[in-house]
Structures are given as structure tokens and as C-alpha cells.
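Visitor: Got a sequence here, can you model it:
(3 chains)
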Amino acid sequence: MSTQPDTVNPNDIEFVKLVAGGQDFCIEVARVREIRRWSPVTPLPHAPEWLLGVMNLRGAVVPIFDLAMKLGLGSTAITPRHVVMIVTASDRTVGLLVDAVAEILKASDEAVSNAPPLPGANARLIQGMIALSEEALCILDVDAVAPVLAGAAP
Amino acid sequence: MLSVLAIDDSRTIRELVRRALENAGMNVTTADDGLDGVSSFGESAFDAVITDINMPNLDGFGVIEAIRSGQRNTRVPILVLTTETGPELRARARDAGATGWLTKPFDGAVLVRTLKRVTGAPLS
Amino acid sequence: MMDDLRDTFFAESEDLLTAMGEGLAAMSDGSAGSETVHAVFRAVHSIKGAAGAFALSDVVAFAHSFETVLDAVRSDRLVPDPDVMRVLQRAGDVLAELLEHAREDRSDPPSALGSVLDALEEITGGQDDATPDDFVFEPLGLGMMAPLALPPAEATGFHLDFRPTGNFYPNGHHHQHLFAALSELGELTVTCSVPDLPPSAETDAEGNQLSWKLELRTDADEVQVRDVFEFVEGLCELELRKVESLDSFDDRPPHDDSTLPEVAMPTLAQAPDPEVLPRPLDVSSAVPTPAAARESAPRPTLRVDLDRVDRLINSVGELIINQAVIAQKVSEAGLPPASSLVAHVEDLSLLAREIQEGVMLIRAQPVKALFQRMARVVREAAEATGKQVELVTEGEETEVDRTVVEGLADPLTHMVRNAIDHGIEPPSERIATGKPACGRITLSASHVSGNVRIVVRDDGAGLNRDRIHATALRKGLVAADAVLTEAEIDNLLFLPGFSTAASITSLSGRGVGMDVARTAITALGGRIGILSTPGEGTTFNIILPLTLAILEGLIVTVAGQPMVVPAASVIETIRPAPRDFIALGHADRVLAVRGDHVPVIDVPSLLGFGPELDPMDAIVVLVRASDDSLAALVMEAISDKRQVVIKSLRSNVGQVAGTSAATILGDGKVALILDPDALTALAARRRAAQHAVQHLASREVRHEHAA
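Guide: Residues are numbered from 1 along each chain as shown, chains lettered A, B, ... in the order given. Now for the predicted structure:
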């Protein structure tokens, strides 16, 4: 059992596996603050299309990003069954719209590699890879997928 | 109504001066250091000036010299209000152009009386 | 009446003790310059001076000993070696303790008082030029004390011969003032004489050559009479003869033939001291009860960790929003107005507002420290540029939210440096144009109708509009054919990217322009405007909210979304007739408002939320931007005016076009707070882009014709 002391490796890192744009990704558990159901957001003027808007999270104004669109997987057709992962990016709190949150994974630090697996524009959104027995998952760089909005001219 | 400029870096003393003079029906403007005082002096017409000696930016002697060598109202009565004592201080204040001096501790009645004396205002 | 002054004194002493502590620490670790030593001396000196006013003789006496040692250090008569510093540090502690005891009306002295006093005196032993009694303040004049000690005066009057000399008049004295003071003592007769000596080069034109003979009938003694001349000692010749009887007056010699007509000074009635003791209104209150005594003790101040205050403020913000949610739900529930629930919700709303106001006061802080920081900036900048500049500050006691104070430091520094670098001329140039060699920068703060106004003014050369325009043209910030007013040119300074390599100097350069200052001020919810007169200088006007947490706003609807327009910038709301909109060229429209033509900003389309509104459906909010220009914001509806809690977008989201922040409405939804300045700038940029496109298009047409 996983609760047995001898199976706990202090070097294990926990990840949340999620689905966005039909594909699996993961984010370090330490980054995830909570998971909420989708609720309509307030749109922002002249925002990039992957920035859906802002919502009220217990008094804080939090930007919500369409993760699939940001990853170049097309925009998400939002339904009430979609969820928002509230995550910490640098010192900011942001929300990521995802199709679903699947499970929590544990990986030893040897299984984690830093090398981004994909060439191209999206490479900088990927922090690294986890090699699991059956699959390889991309670890998202939260700071990169949820950037600060700079003063954008229309 | 006498219009008086009080310059002191101590908020307490400024307040004490203000109250004493306002209770005596005078109009008080305060400034919290010498520089502030000199610029305030340039901005309105005052019947008298009260200044501390030991202040940041510009000390009381500097204030007196600035007013006496200025463009207007150079003969305004200036009272020095200070804790410093001794004949040297009085001589220095007089040489700098002070009209009179008062030593703290602060006594509102004495201040009012002295102000009236140097401005020639009726005492009662 | 003195109680709140005592509060002031103790609060000020606390600040002075802090300054003293910091200075002593710097002296101990060797990082202190002479200014620090002076500052420590002044702090102790100020405490001594003010403590005297409250008859805190222990504090005065100790502060004096302390100050004597500090004076020796500041005048380089004493080296502050580690041993001396240890004593000074302990003296600082004892002074703090003495003040604490004084505040609590405790009479027991601090335990270390004796040993530290001894240590201080040991240090100055032999080199203390002040006598031990020196701090016993001398009375104003002997006359104040002497009558008590002397037997009643026998004299019935005095003859005085008085002649002003030297600086009598330049020092602000006037013979009539002295005569008035003398006539307070009795009946005065004044005779003015022309001098026996002919006027010479030595006697100036001050009237010093005049002399007076005075006769004073009085019961006052000689000391009292001499006391009148206390301040003019050394500035006049005075001879005083006592007259033993009334008869002596009658024996007086006839007037000199050379004298001017006799002038009798009016005898002023002797009146009781104007200081009237306040009489208690209620007899019972004159007898202090223990409770009353406690109440009249100075109010202590409390130092609180800022984080705690900020957490409290955040919670209160939540409370306000939560209360708004409840209020909305209650009103939606359609209860009868007489329902007690409705009344309770109203009470809650009042209470929440009160708590909020109280909490906000905790954060208020005078701008003084900020202004003082600017004094340093001025000194440094003046030195770096070789210019002479003085800083004048006004309204230093004006209180502003501390976040505003902190947020202003950078923009103010930038503006002050800019003013010295680009505004104030070199001394030679100033003198050539008839100005004083020393330039002046004025910083002033004041409260203006619920806002704080900060003014940064220099008396320099004013803005060089030709150069600004040329720079903006070169950088493509304005269209080549655009005709700009002076104010529009001045406002180019605030455009991002205006600051050019050519204008970067060692001082104000660093690649940041006024746009950075403007951005910082907008982030504080403020506006900045500029006024410049060639040859006379430039003035920046900054209007800031008193607090960053609350804003009075108009709730409006834009593209179906609720948004907020800051009420401070709203002039009026108009439902215009479609014919009031006048088209100019392809895309621009103006609105006729009482004979004025105001540029129209269609907010939904400007923000990219949809097509332009049909003028039939439009409602207009007329706003004034910080550069005083007007704009007609077109939107769908205006629903409400209310206070909203400001939520920064900057921290989590970043910069959002056309807005300054957001708020959370009663239904929990986020509403954007529109920024008139940002909207105007956005509209101007869009107009410029459209002009450019049209320009290109027309060029192509011409090319085709040419071909």
C-alpha cells in the first residue's frame, strides 16, 4: 500500500494529471491550489483569445486561461462540465480551463527529465517530461502558459 | 488681527504656539523648518515671525538673515524661540537681526505679550 | 485643552526617539556622517524643548546632559569611540524610559537614570562649557521675576533719554512699539528732539539721528522699565533717571526750543492678563475622578505590523462585498420594505462602511517623509547637474494612504529629476533672464474634494514644445499632418516610447520617460496633468484618491457587461439626440454639448466588444481626463452610483486596455473599472492608426493616377 512508510520516497514528486484539448498533461501538485467548476467570466478588452477573462475567487480577481488554446490545440467548447484549476504562477494566482482533472501521479525524480520533448513554439510552455511505465507526460510550465498581460495596443 | 509666521521643527511647539496665538486672536501660519519658513514668508504678508534656532535644512539664524536681506517686509519683527540660552546666543541673534528672543519652556502668555510688544499691538 | 497637545508631544517624541535610535545605530557602526550626528542632537534637543512646555523637568534635565555630550560630538570636541557610543545608546534608552514614565504620570525614575547621568557627566567632565544650571531656563526678562523679590517701588516716575542707534530699525524695532510698551506701565509723555549734532555720514537715514525725551509716571520699578528695552540693548542709547516725587515732573525744564511739537502718547488702559483660565462648565467635572483622570492621560499610540493592518483591510474589503451580495439577495427576495430583515441589512451596510472608514484611517500617513526624501533627490540632482536648486514643500502634513505615499516615491523622484535636468536652467542662464540663480522646485500636497492633489512645480525654462513635437514626429507618435494644441504637445511627454536616447542624460535618463511616471500614478488610481509656460516653468498636477481601496463609481453597461466609471472624472450623463453626433471624416465623431464639440468614444467598439452602438440606443457619460480634455463615452446604460472596492488587475492579470482596475459587484461578478485617460489614449492610438491607413490608401490612389 502506498501509505506504507517503506514505499514513500522523499524524492518523489507529485503531479496532477489533466486533460486539455483532448491530450494529457500534468502540473506539479505544489502549484495547484484548488479545482473549481467552470462559471462564466468577465471578458477583458483586447485580450488574447486564450485569455477568457477574469473571475472572482473569494475577493481576488483571477485571470482564466483556455489551456487548450494556449497550447495550440484549438479553443475549448466550454460546457458546465469543464473545470478550472486554480494554480500559482510565480507569485500570481491564475485559473486554467481544462477538460478534466484525471488523477494524482507520483514520480521519482529520476523519472523527470527537463528536456522539452517538442520542437517549435510550444516548447517553452513545457517544463519537462515524466516517463511513466505506460506513457510519457508533458509537465506544463505554469508561468509560461499563464503570462502576465503587458500593455497591449489594439 | 496680527498675522504671525511660526517656524519650528517640533510639531508640539508649533501646535503650542499656534494655540497660544490663536487664542489671543492672531492669525498663525506654521512652517516646519527654516527653508519652509523662508518660502512661507515670501508667500504672504506677516506682522511678525517666530522662529526656532536649531532646525534642519536652514537654522533660525539663516531664516533671519534670509528675511532681513530679502526683497520685502525686511523689517518685520522676528522673535527667536529657543531652548538655547546665554548671552552669546542673544548677541548672535541680535547680530543676525532678531528683534527679540524667548527661551523655552514655552509660555503662551509670555509669547503673546512679547509679540504684542515687538509689533506695537495693544496689550489688551 | 493641553491633553491633546500632550498626545502630540508624546507622539512626536516617539518619532524623534526613532530618529535618534537610528542615528545612534548608524554612529555606532561607523556609517554616520556629520548630518546624522546633527539629527540625533536635534532629536534630543527637540524633546528637551517640548518637554519643557509640559513641565517635565526630569526629561528636560536628562535631555540636557545627553545633548551636551552630543554637542561635543557634533562640534568634534569628542570622538564617539565605542565607550562613548555605549553611554549614548544607554542614554537613548533612559530618555525613552523617562518619556514613558512621563506619559504614564509615573514619578519613579528609570533605574538606570543615575548611572547613565553620571556616565554622561563623566564624559563631558571638564569640557562641558555649559554650566550645570544652564538648562534652567532664564526668565524672559528680569522684570518678570524681580517685582516679586523687590519691595514695592517708591518711585513715582522716570525721565528717559532715548536714541536708537545701529540696527535698531533694521532689526524690526520701532520706537513707537517701545513707547507703547512703556505706556503700559503708566502715563507717558514723549518729546522728540532733533539731534544737536549735524547729520553726518555716520548717521544713516533711518531716523537714528532722532532722539526722544520721555517722562513716565508709574508705580513700576526701574527693572520693569529697563525690561521694556531688553531687546534693544546695544541698539540704542538710553539714560534713565528715577524721579522721586510727582513734583519732580512739574520741575521739569521747559522744552528745548529745538524740539518738535510735543507728542503725547495715548495712555493705554491697564487690563488684566488676556490669558483667561478656562472655566469648567460643569462643577462636577472639575473634581477629577480616577476614571476622568485616566481619560485625560495622553492617548497612547500603538505600533502594528503592517501585514496585520493589510490583512484586516482585505478582510474588510471582503466584508463590504459580502454585505453587498446579501443586500442584493435581500432586495431580490422582494420583501416588504417594512421587513425587519431589510432594516438589519441596512444597519449592516452602515456598520461595514464605518469599519471600513476606520480601518482606512489606520493606513493614512502624512506625505512629509516622502517630501523629505525628495529633498535628497533635489540635492543629488542639483549637484550632478551643477545647478542651484532649492526645494520648497507645502502641505507636508497632508495624510494619504500609505500605499499611495509609497507608490508616489518613484514617479515623484522621476519628475523632480526631470525638472532639474530639463527644466531648471544653469545659474548663468537664469541670471541672464533675470531670474534668481537658484532654481526652485515646489512640492505641495493638499486635500481637494475627496482627493489628494500633489503639485510638482519648477520655475525653469518650461517645456521646449518644438523639440517635443519634433521628437514625437521622429518616433512616429504623431501624424505628420496633425495640428496639435500646446496642451496636446505637452501631453506627448506621457506617451510610451517618447523618452529618446537623445534626451537620456546621466540623471533622468535610464530609458524611462514620463510614461512610466504616468503609469505608476494611474496604477494608484490617480491622474496626472501638465501645465507649462515658456520661461516660467512647468507644473505637474497629480490627483490621487485618498485611499486605494474604495472608489465612488457609476455602474454602467458596456456590451452587456457591467463596468464602472470613476465618479470623480464624470461631469455629467447625457442622453443625446442622434443629431447631436456630428461625423468628422471617416470614423471620427464629435458630440455637440452646449455649443462645445467633444470627441466621441464608443466604448464597446473601442474595447473590441462589438460594433458601434446605434446613436438611438446610446447614453453618454461625459468625462474629464487628467489633461483636462473632455470625452463623450458612449455606452448602453447607466444603472447606479455606488462605492466599489477596488481590486487590482495588475497583480494577477497585468495591464488591461482601457481600465485601471476591477471591482466585485453584489452578484459576485467582476466588473472592470474604466479609466478615462486610458480610453482617451486608446482612442487616440486607434485614430492615428486609421489615419495612417487612410493616408496610405490615398497615396496608393495617387500612385495609380500617376501611373
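Visitor: only C-alpha atoms for contact and neighbour calcs from this point on.
Guide: Will do.
Visitor: Looking at the helix or strand containing B:Leu5 now, give me its mean pLDDT.
Guide: Here B:Leu5 sits within strand B:3-7, counting by DSSP states H and E. Strand B:3-7 comes out with an average pLDDT of 93.
Visitor: on contacts alone, who are the packing partners of it?
Guide: For strand B:3-7, the elements it packs on are helix B:11-23, strand B:27-31, helix B:34-43, strand B:48-51, judged by 3 or more Cα pairs under 8 Å, 6 or more residues apart in numbering or on different chains; DSSP states H and E.
Visitor: Note down every partner strand of it and its orientation.
Guide: strand B:27-31 (parallel), strand B:48-51 (parallel) (DSSP bridges).
Visitor: so which of the helices and strands packed on strand B:3-7 is the most packed in?
Guide: Using mean count of other Cα atoms under 10 Å in any protein chain shown, the stretch among these with the largest mean neighbour count is strand B:48-51, at a mean of 28.
Visitor: you'd agree B:Arg92 is in a helix?
Guide: Yes. Assigned with DSSP: H, G, I helix; E, B strand; the rest coil, B:Arg92 falls within a helix.
Visitor: Which helix or strand in chain B has the lowest average pLDDT?
Guide: The helix or strand of chain B with the lowest confidence, counting by mean pLDDT, DSSP states H and E, is helix B:87-96 at a mean of 79.
Visitor: before we move on, back to that, for the helices and strands packed on strand B:3-7, give me CSV that also has mean pLDDT.
Guide: As requested, the helices and strands packed on strand B:3-7 are arranged in CSV below (pLDDT from 0 to 100):
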stretch, mean pLDDT
helix B:11-23, 88
strand B:27-31, 91
helix B:34-43, 88
strand B:48-51, 93
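Visitor: which one of these lies closest to C:Asp614?
Guide: Closest to C:Asp614 of the helices and strands packed on strand B:3-7, according to Cα to Cα: helix B:34-43, at 54.7 Å.
Visitor: by how many degrees do the closest one and strand B:27-31 diverge?
Guide: Using axes from the mean of the first three to the mean of the last three Cα atoms, to 10 degrees, the interaxial angle of helix B:34-43 with respect to strand B:27-31 works out to 140 degrees.
Visitor: ok, now which ones touch C:Ser639?
Guide: With contacts defined as Cα atoms under 8 Å, 6 or more residues apart in numbering or on different chains, the neighbours of C:Ser639 are C:554-557.
Visitor: Out of those, which end up buried?
Guide: Members of the contacts of C:Ser639 that pass the buried threshold by neighbour count (16 or more other Cα atoms under 10 Å in any protein chain shown) are listed as C:554-557.
Visitor: re earlier: among the strands paired with strand B:3-7, which is nearest C:Ala662?
Guide: When those are compared (using Cα to Cα), the closest one is strand B:27-31, at 40.5 Å.
Visitor: Convert the C-alpha atoms of the closest one to PDB, please.
Guide: In PDB, the C-alpha atoms belonging to strand B:27-31 read as follows (Å, rounded to 0.1, in the frame of the first residue of the first chain):
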ATOM      1  CA  ASN B  27      -3.700  84.500  12.600                       C
ATOM      2  CA  VAL B  28      -1.000  81.800  12.600                       C
ATOM      3  CA  THR B  29       0.800  80.200   9.700                       C
ATOM      4  CA  THR B  30       3.300  77.400  10.600                       C
ATOM      5  CA  ALA B  31       6.400  76.100   8.900                       C
END
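Visitor: the domain parsing of chain C - what is it?
Guide: C:3-135, C:142-264, C:306-364, C:367-545, C:550-691 (automatic domain parsing).
Visitor: Does C:Met360 touch C:Ile313 like I think?
Guide: Yes. C:Met360 is within contact range of C:Ile313, at 7.4 Å (criterion: Cα atoms under 8 Å).
Visitor: what about C:Ala382, how many neighbours?
Guide: Applying other Cα atoms under 10 Å in any protein chain shown, we find 20 other residues in the vicinity of C:Ala382.
Visitor: So what does it look like in phi/psi?
Guide: Taking degrees, to the nearest 10, you get phi -60, psi -40 for the backbone angles of C:Ala382.
Visitor: Pull the contacting residues for it.
Guide: Contacts were defined as Cα under 8 Å, 6+ apart; by that measure C:Ala382 touches C:388-389, C:420.
Visitor: again with C:Arg457
Guide: By Cα under 8 Å, 6+ apart, C:Arg457 lies in contact with C:441-443, C:537-540.
Visitor: run the last query once more with 6 Å
Guide: For C:Arg457, the contact set (Cα atoms under 6 Å, 6 or more residues apart in numbering or on different chains) comprises C:441-442, C:538-539.
Visitor: Looking at the residues you listed, spot the one nearest chain B.
Guide: C:Thr442 (9.7 Å; Cα to the nearest Cα).
Visitor: Neighbours of the residue lying closest to the closest one once chain neighbours are set aside, how many?
Guide: If you skip the residues right next to it in sequence, C:Thr442 has C:Val392 as its closest partner in space, 4.6 Å away by Cα to Cα, 6 or more residues apart in numbering or on different chains. Counted with other Cα under 10 Å, the neighbours of C:Val392 add up to 19.
Visitor: Write out the residues of chain A neighbouring chain C.
Guide: A:45-46, A:55-56, A:63, A:92-93, A:148-151 (Cα under 6 Å from any Cα of the partner chain).
Visitor: which of those lies closest to A:Val32?
Guide: For A:Val32, the nearest member of the residues of chain A next to chain C is A:Thr93. The distance, counting by Cα to Cα, is 9.7 Å.
Visitor: tell me the pLDDT at that closest one?
Guide: A:Thr93 carries a pLDDT value of 90.
Visitor: How about A:Val29: what's its closest non-neighbour residue?
Guide: Spatial nearest neighbour of A:Val29, chain neighbours left out: A:Phe15 (4.8 Å); criterion: Cα to Cα, 6+ apart.
Visitor: What is the three-state secondary structure of that neighbour?
Guide: Counting by three-state DSSP, the three-state call for A:Phe15 is strand.
Visitor: For it, list the residues it contacts.
Guide: Listed by Cα under 6 Å, 6+ apart, the contact set of A:Phe15 reads A:26-29, A:104-105.
Visitor: cutoff 8 Å now
Guide: By Cα under 8 Å, 6+ apart, A:Phe15 lies in contact with A:26-29, A:104-107.
Visitor: Let's see if you can find the most crowded of the contacts of C:Ala382.
Guide: Of all the contacts of C:Ala382, C:Ile420 has the most neighbours under the rule other Cα under 10 Å, reaching 31 neighbours.
Visitor: any idea how far C:His64 lies from C:Asp71?
Guide: Distance, C:His64 to C:Asp71, using Cα to Cα, to the nearest Å: 10 Å.
Visitor: let me redo that: C:Ile530
Guide: C:Ile530 is 46 Å from C:Asp71, where distance means Cα to Cα.
Visitor: Which parts of chain A are helices?
Guide: Counting by DSSP state H, chain A forms helices over residues A:67-70, A:142-145, given from the N-terminal end onward.
Visitor: whoops, the stretch 51-200 of chain C was the one
Guide: C:57-74, C:82-103, C:113-124, C:142-149, C:175-183 (DSSP state H, counting those that start in this stretch).
Visitor: Residues contacting the second one, please?
Guide: What that stands for is helix C:82-103. Under the criterion Cα under 8 Å, 6+ apart, external residues in contact with helix C:82-103 comprise C:10, C:13, C:17, C:20-21, C:24, C:27-28, C:56, C:58-59, C:62-63, C:66, C:107-110, C:112-113, C:116-117, C:119-120, C:123, C:297-298.
Visitor: what about burial for those residues, which qualify?
Guide: By 16+ other Cα under 10 Å, the contacts of helix C:82-103 give C:10, C:13, C:17, C:20-21, C:24, C:27-28, C:56, C:58-59, C:62-63, C:66, C:110, C:113, C:116-117, C:119-120, C:123, C:298 as buried.
Visitor: is it true that C:Thr413 touches C:Arg376?
Guide: No. Counting by Cα under 8 Å, no contact exists between C:Thr413 and C:Arg376, whose distance comes to 9.7 Å.
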